[in-house]
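Q: Following is a predicted model, sequence given first.
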Amino acid sequence: MLPKTRGRVAMRVVVCVLWAILALAGCASRSVDVDTAGFETRLSAVPGVNGAMVEVQHPGLPTNTNVAIWLFLESADVESVATTVRKVAGTARSDDGVRGRQITISVVQGTRAEFPIRQDVVANSVPVMHRVAEALALPESAGLMLVLTPEEVARLADVED
């Protein structure tokens, strides 16, 4: 009976490994659906936005997909940023690759050309999102970024329409 038990255990291990490979391959292919360059261009067309930087991130696991957005703004006061976030929510909702995903938004005062290196972008993010979250009646922000679930994106986009 011992060899039969080993065979069953080995078969279960093989099935689990194959299942994990297929699951991860499916998640990886979904992340490619975000056209970051095209989305950056659409975000840059939002009034008051001087450029954007977009990344697809997988925090924790490949199954966790987040679209990180850094907006370069003329003004980083609470009211201006809140208005821009509503407009960005509408843009995110209308984008086939971004719709239905969690997004994070951070802001940098200036233009994209002033911050060519990602580290400079992150280091110069304006700490205003906790007040923007309050102005938009959202849960507290995560430090320098506003974290929006797909439902929150849809709600903000509806307000903007």
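A: Noted; the coordinates are in hand. Numbers count the residues shown, from 1 in each chain.
Q: next structured bit after the strand or helix carrying V56?
A: When elements are assigned from DSSP states H and E, V56 belongs to strand 49-57. From strand 49-57 onward toward the C-terminus, using DSSP H and E, the following helix or strand is strand 66-73.
Q: pLDDT averaged over that next one - what is it?
A: In this model, strand 66-73 has an average pLDDT of 95.
Q: how about the helices in this structure?
A: In the chain, the helices defined using DSSP state H lie at 2-31, 36-44, 78-94, 118-123, 129-135, 150-160.
Q: Who are the contact partners of R131?
A: Listed by Cβ atoms under 8 Å, 6 or more residues apart in numbering, the contact set of R131 reads V78. All C-beta spots, glycine's among them, are computed from the backbone N, C-alpha and C.
Q: typo on my end, it should be A82
A: With contacts taken as Cβ under 8 Å, 6+ apart, A82 has the following neighbours: V132, A135, L136.
Q: burial count for the closest residue to E140 other than its chain neighbours?
A: In space, not counting the residues next to it along the chain, E140 is nearest to A133; the distance is 5.8 Å by Cβ to Cβ, 6 or more residues apart in numbering. The burial metric for A133, expressed as a neighbour count using other Cβ atoms under 10 Å, is 21.
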